[in-house]
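> need a structure here:
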Amino acid sequence: MEPGKETYEVMELCLLAGKIMLQNGAETYRVEDTMERIAGYYNIGRPHSYVTPTGIIFSLDGVVPAKLIRIANRNTDLHKVTAANSISRKITNGELTSKEAYKQLQELEKQDLSYPFVIQLLAASISSGCFVIMFMGGWHDFLPALLCGGLGFTCFVYIHKLVEVKFFAEFLAAFVIGLAAFSLKAWGAGHEADKIIIGSVMPLVPGLLITNAVRDLMSGHLVSGLSKGADAFLTASAIGTGIAVVFSIF
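Residues are numbered from 1 along each chain as shown. All right, here's what the predicted structure looks like:
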């Protein structure tokens with residue numbers, strides 16, 4: 001195999017692994033570490049990577065020009081992150097060739113490993129009810145919170161499919177949750193609307209994004225940390241604005 005072709009394949013392998021991990025919620029330092037470990041195993045120049053939430057720049061010392069890959073869509077699927085990390089470990093252990101690993105990563109990228117919508121809805125609903133109890137609410141508000149949380153999550157998922165602007169979907173989901181909470185209280189089904197709202201919006205809160213933002217800032221990845229922090233702030237603003245509009249109505 002020609003050195004140039006081998007180098008190109010290694011770079012494509014590193015970029016694909018980094019892309020899968022970054023798209024599915026991995027921290028910046030983990031993405032960079034995985035890419036550098038893969039490149040280091042093949043010993044083709046010293047690897048350099050620059051990772052932000054919207055793109056990856058990767059190069060090898062004095063071999064070929066740097067390559068850029070754009071990250072357009074991001075979600076949370078830690079199963080894919082674990083699978084990509086597992087493939088990278090198999091590469092560094094000599095269990096997979098570059099072509100075999102690249103093929104497995106391509107298959108992994110196409111797979112949808114997320115849970116079915118029904119299970120996601122059930123988890124969001126139950127967690128909403130549990131958060132009410134956690135925030136010192138009464139058991140009489142468990143079922144109303146379960147209903148409001150499930151309704152808000154469903155609203156978020158389907159509106160986000162229709163409108164790609166995440167802020168708008170989160171705003172409407174929070175608005176629906178607030179509206180449902182006050183309606184249930186007015187009908188006598190709920191007792192403390194504030195506790196129901198707090199518990200119901202928790203599935204929408206960007207917990208992983210906030211955690212990764214803090215982790216990246218602590219690691220010195222200032223651009224990624226601030227970007228993820230800004231993204232989390234927009235989500236929090238959308239949720240707060242949606243609830244504030246309901247409060248202004250009632």
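
> Does anything pack onto the longest helix along the chain? Which helices or strands?
Counting residues, the longest helix in the chain under DSSP state H turns out to be helix 222-249. Packing contacts for helix 222-249, counted by 3 or more CB pairs under 8 Å, 6 or more residues apart in numbering; DSSP states H and E, involve strand 47-52, helix 166-186, helix 193-201, helix 207-218. Using the backbone N, CA and C atoms, a C-beta is placed for each residue, glycine as well.

> which residues make contact with the second one from outside it?
Around helix 166-186, the neighbours that count as contacts under CB atoms under 8 Å, 6 or more residues apart in numbering are 144, 147-149, 151-153, 155-156, 159-160, 163, 190-193, 196-197, 200-201, 204, 234-235, 237-243, 245-247, 250.

> picking that back up, so which of the helices and strands packed on helix 222-249 is nearest Asn73?
When these are compared by CB to CB, helix 166-186 sits nearest Asn73, at 10.5 Å.

> rewinding a little: hey, which of the helices and strands packed on helix 222-249 is tucked in deepest?
Mean neighbours per residue, mean count of other CB atoms under 10 Å, is largest over those for helix 193-201, with a mean of 25.

> helix, strand or coil for the residue nearest the centre of the chain?
Taking CA atoms, centre = their mean, the centroid of the chain lies closest to Thr76, which sits 3.0 Å from it. Here Thr76 is recorded as coil under DSSP: H, G, I helix; E, B strand; the rest coil.

> List the contacts of it.
Contacts of Thr76 (CB under 8 Å, 6+ apart): 24-25, 208.

> got it, and Ser88?
Counting by CB under 8 Å, 6+ apart, Ser88 makes contact with 17, 34, 37-38, 101.

> about what we covered before: in the longest helix of the chain, which of the residues would be classed as buried?
For helix 222-249, a neighbour-count test (16 or more other CB atoms under 10 Å) marks 224-225, 227-229, 231-232, 235-236, 238-239, 242-243, 246 as buried.

> Distance check, the closest residue to Asn73 other than its chain neighbours against Asn212.
Distances taken as CB to CB, 6 or more residues apart in numbering place Gln23 nearest to Asn73, at 6.5 Å, with adjacent residues excluded. In this view, Gln23 and Asn212 are 13 Å apart by CB to CB, to the nearest Å.

> now do Leu179
31 Å.

> Pull up the distance across stretch 53-71, start to finish.
7 Å (CA to CA, to the nearest Å).

> Centre of the chain to that stretch, how far?
Put simply, stretch 53-71 sits 22 Å off its chain's centre (CA atoms, centre = their mean, to the nearest Å).

> and if you look at stretch 214-233?
That offset, for stretch 214-233, works out to 14 Å (CA atoms, centre = their mean).

> go on, stretch 145-152?
21 Å.

> Could you list the alpha-carbon positions for it in PDB?
What follows is stretch 145-152, C-alpha atoms only, in PDB (Å, rounded to 0.1, in the frame of the first residue of the first chain):
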ATOM      1  CA  ALA A 145     -46.800  15.600  36.600                       C
ATOM      2  CA  LEU A 146     -46.600  12.200  34.800                       C
ATOM      3  CA  LEU A 147     -49.300  13.400  32.300                       C
ATOM      4  CA  CYS A 148     -47.800  16.900  31.800                       C
ATOM      5  CA  GLY A 149     -44.200  15.600  31.400                       C
ATOM      6  CA  GLY A 150     -45.400  13.100  28.800                       C
ATOM      7  CA  LEU A 151     -47.400  15.700  27.000                       C
ATOM      8  CA  GLY A 152     -44.500  18.200  26.900                       C
END
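
> contacts for that stretch?
121-122, 124-129, 131-132, 137, 173-174, 176-177, 180-181, 184, 195-197, 199-204.
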